[in-house]
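Engineer: curious how this folds, go ahead:
(2 chains)
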Amino acid sequence: MSAYLRLAGVNKTFGSFTALGHIDLEVEKGEFVTFLGPSGSGKTTTLMVIAGFEQATKGEITVADQSLAHLAPQERNIGIVFQNYALFPHKTAAENVYFPLQMRKVGKKEGMRKAEEMLELVGLAGFAHRLPKELSGGQQQRVALARALVFEPDLLLLDEPLGALDKNLREQMQIEIKRIQKRLGVTTIFVTHDQTEAMSMSDRIVVFSNGAIEQAAAPLDIYHRPATRFVADFIGESNLLEATITDAASGKAQSPVLGEVTCGAEGLPPLTDGQAVTLLIRPEHLKLSREPKEGRQNAQMVIETIVNYGDNAVVIGHAGDQQIRVRVPGADVVILKEGDSCHFSWTADAVFVLDK
Amino acid sequence: MNTLMRWIGIAVVIFIAAPLVIVVPMSFSTAASLQFPPPGYSWGYYQQFFSDPSWLRPAWNSIYIATMNTLLTMALVVPATFALVRHKFWGKSFANLMMMMPMAVPHIVMAVGYYSYFGELKLVHSKLGVILAHTCLSVPITFLVLSANLKGFDLTLERAARSLGATPGQVFRHITLPILKPGLAISALFAFIQSFDETVVAIFISGRDAETLPRKMFDSIREEADPVIAVISTLLFAVVFAGLIAPSLIKGLRRMAKGTPSK
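Structural biologist: Predicted coordinates for the structure are as follows:
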């Protein structure tokens, strides 16, 4: 199966500033792909290049093997939901949704009927004749979504659409957007800097940094098998430790902080003896105890801070110069004190290896 | 402190409103010249204004000149404002300065300039001359009002419209223009009032053929202190007042028709 959306060697410079280095990406039809990265990493620029609001300096973009190069934004048939929704303030919800149909010469009667159907799909059946300013943030969001979908676009682009909503509404809209996307089967690109949002919604996450793609993979692959140190650091919490491979065949490494470590996580990259690497152990894979634990690898640390979240807590300590973060169940926190010395332990399958 | 402020406020309001309190009653006066308080009241001077060609002709001149001035000003200022607010180009700050210039230069200086310059061009004593001069004077205020509106315009709306299938022309017609309509209406109103109200330049260059209402009033008060002036002042005030409250009045009526209470 060939890719539906393809970016090949897309490069974008503004004067001497390189916004996008060399972007290669393929997206399948119907896929929900999230662009994740800090601000200024190139994710929104990539979106704007796909939409046609920015011209790529080099490279090619195709949808269903048709080049977009010579198409103006209005000829691309791409639905976009903007961060601030960009609803037309002088038009009612239904007129906003009718607008793309009006531009496609659909008659008023049929167009308004379709617009109202679409509003119903996004759960706004009774709100067709309200002006945007008479709607709440979440409702405006739904109108923007309906407007971007009503003309059956080839692609749906969402540019940090949930940024302005409060936490509960955000989660509700995440589920809602996912439901509608699945139902219509539209190929979707979702831009966000919120990793939990990316984790919960995506078929695949593309991590951006400094105008380049760090990794493009399924959410759990990104989490458990990050390709670079940046990805490991950006996604979830992590303990990153310097080490040198001593025996590649059995996965043995020597770390100044942990001593001899066996690396046994799934999907390890190929290793060579003497290679300088970074070890990744997620905080939830570490356990704390007074005495060393049998059957696990152990090391010692001094507790510095305990951050309580109720159902769980993060214990931050020091082993030599290295900061160690351990996530423990909330009930375990009561026996721990700041300043205590204790052991932390892990098993070989929790240790993943990154290139230095 | 609070009471003191309140009394100062009331004093200021009275001071500002005083000319109206004097002019409106005088327009209904029976006296032969401007006199306050009036000895008696009648519609006499209103009848005189609406039947005397020497008053009606300048009134029509003023309306004609102000209308043409508004059209010309808007035709020049709307594209100029879009260029100055939205685009970067060489000499932009100089262009900005030139747009505001007529506001900084005293009208009497402008008037003298027009008098000698338009004389050469045979534009003195012609409506065209007054229209051109007034257009120049209307540019700054129109530009100020419109650029403030345009700066507040969210460009994402235009991007959204493009992505939804609208050509740049359709975006302007369906999105930009309707959203800017109130701003355009207000800047046009300012252009109209500026011309209708302008006296100094009109005195210098309008002559007998293009005589405007303020000029005629000025001549009349010097020669005879005709109470018709009070009539005109009252009418002008009524028109401007109506223009100012019309938008909120229309809104209120619409809301009543829809039956939804105001927020």
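
Engineer: and the spatially most central residue of chain A, what is it in contact with?
Structural biologist: Centrality entry for chain A: nearest residue to the mean C-alpha point is A:Ala198, 3.3 Å, by C-alpha atoms, centre = their mean. Applying C-beta atoms under 8 Å, 6 or more residues apart in numbering or on different chains to A:Ala198 gives the contacts A:34, A:36, A:190, A:192, A:205, A:219. The way it works is simple: take the backbone N, C-alpha and C, and place the C-beta from them, glycine included.

Engineer: any idea of the mean pLDDT in the helix or strand that it is a member of?
Structural biologist: Element membership for A:Ala198, per DSSP states H and E: helix A:195-201. Helix A:195-201 shows a mean pLDDT of 90.

Engineer: return whichever helix or strand comes after that helix as PDB; C-alpha atoms alone will do.
Structural biologist: Next in sequence after helix A:195-201, counting helices and strands by DSSP H and E, comes strand A:204-209. Coordinates of each C-alpha in strand A:204-209 appear next as PDB, following Å, rounded to 0.1, in the frame of the first residue of the first chain:
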ATOM      1  CA  ARG A 204       1.500   7.400  15.100                       C
ATOM      2  CA  ILE A 205       3.500  10.200  16.600                       C
ATOM      3  CA  VAL A 206       6.100  12.300  14.700                       C
ATOM      4  CA  VAL A 207       8.500  14.000  17.200                       C
ATOM      5  CA  PHE A 208      10.000  17.200  15.900                       C
ATOM      6  CA  SER A 209      13.000  19.100  17.200                       C
END
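
Engineer: now do strand A:204-209: distance to the chain's middle.
Structural biologist: Taking C-alpha atoms, centre = their mean, to the nearest Å, one finds the center of strand A:204-209 at 6 Å from the center of the full chain.

Engineer: with stretch B:70-86 instead?
Structural biologist: For stretch B:70-86, the distance to the chain centre is 17 Å (C-alpha atoms, centre = their mean).

Engineer: repeat for stretch A:95-107
Structural biologist: 33 Å.

Engineer: and it, does that touch chain B?
Structural biologist: Yes: contact of stretch A:95-107 with chain B (C-beta under 8 Å from any C-beta of the partner chain) involves A:99-100, A:102-104.

Engineer: just give me the closest of these to A:Leu149.
Structural biologist: A:Pro100 (9.3 Å; C-beta to C-beta).

Engineer: give me the number of residues near that closest one?
Structural biologist: 27 (other C-beta atoms under 10 Å in any protein chain shown).

Engineer: ok, it - contacts?
Structural biologist: A:79, A:147, A:150-151, B:164-165.

Engineer: kindly recompute the last result at 6 Å.
Structural biologist: A:151, B:164-165 (C-beta atoms under 6 Å, 6 or more residues apart in numbering or on different chains).

Engineer: not counting sequence-adjacent ones, nearest residue to the residue of the stretch 251-356 of chain A found nearest chain B?
Structural biologist: Chain B sits closest to A:Tyr309 of the stretch 251-356 of chain A, with a gap of 36.7 Å, by C-beta to the nearest C-beta. Spatially, and ignoring its direct neighbours in sequence, A:Tyr309 is nearest to A:Gly330 (7.2 Å; C-beta to C-beta, 6 or more residues apart in numbering or on different chains).

Engineer: look up how far A:Asn308 lies from the one you found.
Structural biologist: Using C-beta to C-beta, to the nearest Å, A:Gly330 is found at 7 Å from A:Asn308.

Engineer: what does B:Gly207 give?
Structural biologist: 87 Å.

Engineer: just checking, what packs against the helix or strand B:Gly119 falls within?
Structural biologist: Per DSSP H and E, B:Gly119 falls inside helix B:107-120. Judged by 3 or more C-beta pairs under 6 Å, 6 or more residues apart in numbering or on different chains; DSSP states H and E, helix B:107-120 is in contact with helix B:200-205.

Engineer: from the chain's centre, how far out does the helix it packs on sit?
Structural biologist: For helix B:200-205, the distance to the chain centre is 17 Å (C-alpha atoms, centre = their mean).

Engineer: that older thread, quick one: the residues of stretch A:95-107 next to chain B as CSV, columns for pLDDT and secondary structure too.
Structural biologist: CSV is the format used below for those (pLDDT from 0 to 100; DSSP: H, G, I helix; E, B strand; the rest coil):
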residue, pLDDT, secondary structure
A:Phe99, 96, helix
A:Pro100, 96, helix
A:Gln102, 95, helix
A:Met103, 95, helix
A:Arg104, 94, coil
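
Engineer: are any of the residues you listed buried, and which?
Structural biologist: The neighbour count (16 or more other C-beta atoms under 10 Å in any protein chain shown) marks A:99-100, A:102-103 as buried among the residues of stretch A:95-107 next to chain B.

Engineer: what about stretch A:143-162, average pLDDT?
Structural biologist: 94.

Engineer: quick check: end-to-end length of stretch A:21-34?
Structural biologist: 19 Å (C-alpha to C-alpha, to the nearest Å).

Engineer: pull out the buried positions in that stretch.
Structural biologist: Buried-residue list, stretch A:21-34, by 16+ other C-beta under 10 Å: A:23, A:25, A:27, A:29, A:31-34.

Engineer: and the gap between the residue of chain A most remote from its centre and chain B?
Structural biologist: Going by C-alpha atoms, centre = their mean, the residue of chain A most distant from its centre is A:Lys109, 40.4 Å out. Remark: distance between A:Lys109 and chain B (C-beta to the nearest C-beta, to the nearest Å) = 19 Å.

Engineer: what helix or strand is that residue on?
Structural biologist: Using DSSP H and E, A:Lys109 falls in helix A:108-121.

Engineer: just checking, what packs against that helix?
Structural biologist: helix A:93-103.

Engineer: name the SS class of residue 249, please.
Structural biologist: Using chain A here. Reduced to three states with DSSP: H, G, I helix; E, B strand; the rest coil, the structure at A:Ala249 is coil.

Engineer: give me the number of residues near it?
Structural biologist: There are 7 residues near A:Ala249, going by other C-beta under 10 Å.

Engineer: and the gap between it and A:Asp355?
Structural biologist: 19 Å.

Engineer: quick revisit: among the contacts of A:Pro100, which one sits closest to A:Gln300?
Structural biologist: B:Leu164 (61.5 Å).

Engineer: and for the closest one, the neighbour number?
Structural biologist: Quick note: B:Leu164 (other C-beta under 10 Å) scores 32 neighbours.

Engineer: in the chain, where is pLDDT below threshold?
Structural biologist: Assuming you mean chain A. For chain A, applying pLDDT under 70 flags the ranges A:1, A:356.

Engineer: actually, chain B is the one I wanted.
Structural biologist: Checking chain B against pLDDT under 70 turns up B:1, B:258-263.

Engineer: near chain A, which residues of it show up?
Structural biologist: For chain B, the contact set with chain A under C-beta under 6 Å from any C-beta of the partner chain comprises B:156-157, B:159-160, B:162-167, B:175, B:178-179.

Engineer: buried ones among those residues?
Structural biologist: Using 16+ other C-beta under 10 Å, the buried members of those are B:157, B:159-160, B:162-166, B:175, B:179.
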